[in-house]
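> this is a predicted model, with the sequence first.
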Amino acid sequence: MSQQKKKWSYGVVAAALTGVLMVTGCSNNNSGNASPSATPSPSASSVSSPSASASETPQAEEPYELKWLKAQDISKPYDPAQDVVKQAIEEKLNIKIIPEMVDVQQYKTKLNLKMAGGDIPDVVRIDFADDFQKYAQQGAFVDLTDLINETDTPNIMREVSAEAFEQAKVNGKIYGIPYQGGPGAGYRWDLVMRMDYLKEIGAETPKTLDEYYNVLKQIKAKYPDVIPLGGYTAQIGDVKYANNSFDNIFGAFSVTPGFFTEKDGKFSNYDIEPQMREALLFLQQMYKEGLIDKEFATIKEEQLRTKLYSGKLFSWMGWWSTPGGYDTQIETNMLIKSGDLKADGTLPDQSNEPYKYLTLTDSLVGPDGNAVAPAGAPFSQMNAISVKTKDPKKVLAIIEESLSPENQMLTVWGIEGEDYKVENGTMKAVTDLVDPTTMKDPDGHFRGIQSYLFAPGLNGWPRYLESLPLRFAESLGTAINNKYQIRDASNYLESPTKIAKLVELNTMRDSVFTQIIMGGDIKKFDDFVEKWKSQGGSQILSELEASFKVKSGK
């Protein structure tokens, strides 16, 4: 391989790693027709006849052909015939991928047209919420209920929990393998604090709500001009994630705004629970004591950043990918103040340096030692096998084989020694192999990493955290390893009233909760609970209970 390699930033590769995963239809490997995990039995053509010479060797099994609808960014050059990673996957799994290229933006439209015309790819990656359920009920996908189990498909079962399969059932049957993408679904927020300020007051990173509250009071006393806890109304360009500013406070009371709960088939919502009332009273006390930014209800994230960079903010809830850059900007501002910033006004890449000014933690636990952290739905898409495929059990065997640890490394990260390297036991993606203009490596090959893979499941991509720079790995690891994660019990259940009324109910909640935090009468909460129930909430709960009963077969 040519030694002349252009150097490209980590950002280019990070964008490629996260962007390739759109909605590609996928497939992979090799096995017999009996059960997905069985050793393939030789075909008739590969068994020597009685009259054959003893020296004759059996013919190799022909690669299994898979039709593949590939979502592709058509603004970038790509030729599957010159894709060396695709070729490596085909050889490893003894398959022949027949790709049909479609623009990423047109994937869903194209897939629906093919489904309607009966020209269905062998494996279909499809949105769960609407299309999958519709087509599954129409008989478009193979019933996998009796084929997926710990004995026959251990790789699949390792990646996807029995609970996820249960949630994905349509009319009580399994018609596909749940898929989320990226490093799986889960919580993605960290509580971020100024480590240097903690050291000044002689405190460790707090782990409980009481410890955190006491730290905030100490910060307020020592640094009167510093805001102990910042909040904001929205992410830039997006509607505010309902509770991210005060996630850890709510969580320490074992509630989180907006999430539905289920116990013994009965549903409720954290917004109307007594513990939510207690959490709001605690936040009101914090606000009254000057521990929460007085502007939290009106400022945007970029304004919160300005306060952070200038040293006027001690702590806030941060999306996992942001602290690394924030730490660098804090250092930059510190050097500006001291006059030590170099002439061009920049710092070298800090992404692989330990944090210098920030420290991260996950959920703060309450007095009972518990907490909750609101995680996203465990999957958003499904991989289904078309009833049109010539050998469904063979295709399931291919998927099973592709999800072995070794084969996941190939389908996710590419060829070892080229697309990634393992040094001293640690895996790192090679970030300068592909020219972002030509999309080719120095030898003129395309490298479709993550283009041809079967949903490395909900447990996350293999060795994902290792592949990231140090700061990204630490901040993402803190978030996704949060042991207090919970999921919304209404995920994958049907409620027409929820679709029609939830935005209105959430808007009312945000208004009332903000008023209470800023000093409003706590009776507003009691009024809110009654209005929530009467303006659609009770109907939503009834519909969720009915849907849960149908889905669970009870």
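Okay, I see it.

> now the residue nearest the centre of the chain, what's its secondary structure?
Geometric centre of the chain, nearest residue: residue 185, 3.5 Å, by Cα atoms, centre = their mean. Secondary structure, DSSP: H, G, I helix; E, B strand; the rest coil: residue 185 is coil.

> wait, isn't it in contact with residue 379?
Yes - the criterion here is Cβ atoms under 8 Å, and residue 185 meets it with residue 379 at 6.6 Å. The way it works is simple: take the backbone N, C-alpha and C, and place the C-beta from them, glycine included.

> neighbours around residue 551, how many?
When counting by other Cβ atoms under 10 Å, one arrives at 17 neighbours for residue 551.

> I figured it hits residue 491, correct?
No - Residue 551 is beyond contact range of residue 491, at 10.9 Å (criterion: Cβ under 8 Å).

> what sits in contact with each of those two?
Taking Cβ atoms under 8 Å, 6 or more residues apart in numbering as the criterion, residue 551 and residue 491 both touch residue 167.

> wait, residue 176 sits on residue 143?
No - at 10.2 Å, residue 176 does not count as touching residue 143 under the criterion of Cβ under 8 Å.

> looking at those two, which one has more neighbours?
Using other Cβ under 10 Å as the criterion, residue 176 and residue 143 rank with residue 176 on top: 28 against 16.

> so who does the more buried one touch?
Counting by Cβ under 8 Å, 6+ apart, residue 176 touches 126, 132, 136, 141, 144, 168, 382-385.

> can you check residue 382 too?
Going by Cβ under 8 Å, 6+ apart, the list of residues near residue 382 reads 125-126, 128, 132, 168, 175-179.

> tell me how far residue 478 lies from residue 296.
Relative to residue 296, residue 478 is positioned 23 Å away (Cβ to Cβ, to the nearest Å).

> may I have the phi/psi pair for residue 488?
Main-chain torsions, residue 488, degrees, to the nearest 10: phi -70, psi 120.

> disregarding flanking residues, what is the spatial nearest neighbour of it?
In space, and not counting its chain neighbours, residue 488 is closest to residue 259: 4.7 Å by Cβ to Cβ, 6 or more residues apart in numbering.

> separation between the one you found and residue 507?
Residue 259 is 17 Å from residue 507, by Cβ to Cβ.

> which one's more surrounded, these two?
Shown here are residue 259 and residue 507; by other Cβ under 10 Å, residue 259 has more neighbours (21 against 10).

> centre of the chain to stretch 339-349, how far?
In terms of Cα atoms, centre = their mean, to the nearest Å, the centre of stretch 339-349 is found 35 Å from the chain centre.

> could you report the neighbour count for the closest residue to residue 381 other than its chain neighbours?
Spatially, and ignoring its direct neighbours in sequence, residue 381 is nearest to residue 179 (4.6 Å; Cβ to Cβ, 6+ apart). By other Cβ under 10 Å, the residues close to residue 179 number 27.

> so what's the backbone phi/psi at residue 179?
Taking degrees, to the nearest 10 as the convention, residue 179 sits at phi -140, psi 140.

> how close does it get to residue 226?
Residue 179 is 44 Å from residue 226, by Cβ to Cβ.

> quick one: mean pLDDT for the lengthiest helix in the chain?
Across the chain, the longest stretch assigned as helix under DSSP state H is helix 496-517. Mean pLDDT, helix 496-517: 93.

> next one: that helix to chain centre, how far?
25 Å.

> continuing past that helix, what's the next helix or strand?
helix 523-532 (DSSP states H and E).

> which residues touch the nearest residue to residue 518 once chain neighbours are set aside?
Excluding the flanking residues, the one nearest residue 518 by Cβ to Cβ, 6+ apart is residue 287, at 6.0 Å. Neighbour list for residue 287: 294, 517-519 [criterion: Cβ under 8 Å, 6+ apart].

> what about the helices in the stretch 351-500 of the chain?
392-402, 405-413, 464-467, 470-480, 496-517 (DSSP state H, counting those that start in this stretch).

> for those, which one sits closest to residue 230?
helix 496-517 (13.6 Å; Cβ to Cβ).

> by contact count, what packs against that closest one?
In terms of contacts (3 or more Cβ pairs under 8 Å, 6 or more residues apart in numbering; DSSP states H and E), helix 496-517 is packed against helix 274-288, helix 523-532, helix 538-552.

> which parts of the last one are buried?
Along helix 538-552, the positions that meet the burial threshold by neighbour count (16 or more other Cβ atoms under 10 Å) are 539-541, 543-545, 547-548, 551.

> which members of the contacts of residue 287 are classed as buried?
Buried subset of the contacts of residue 287 (neighbour count, 16+ other Cβ under 10 Å): residue 517.

> quick one: which of the contacts of residue 287 is nearest residue 361?
residue 517 (22.2 Å).

> which residue packs closest to that closest one, ignoring adjacent ones?
That would be residue 283: by Cβ to Cβ, 6+ apart, it lies 4.6 Å from residue 517.

> contacts only, for the one you found.
246, 249, 292, 516-517.

> in CSV, list these along with distance to residue 208.
Below are those laid out as CSV (distance: Cβ to Cβ, whole Å):
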residue, distance to residue 208
246, 16
249, 12
292, 18
516, 24
517, 21
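
> PyMOL command to pick out the buried ones of those?
With 16+ other Cβ under 10 Å as the criterion, this PyMOL line picks the buried residues out of the contacts of residue 283:
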select buried, resi 246+249+292+516+517
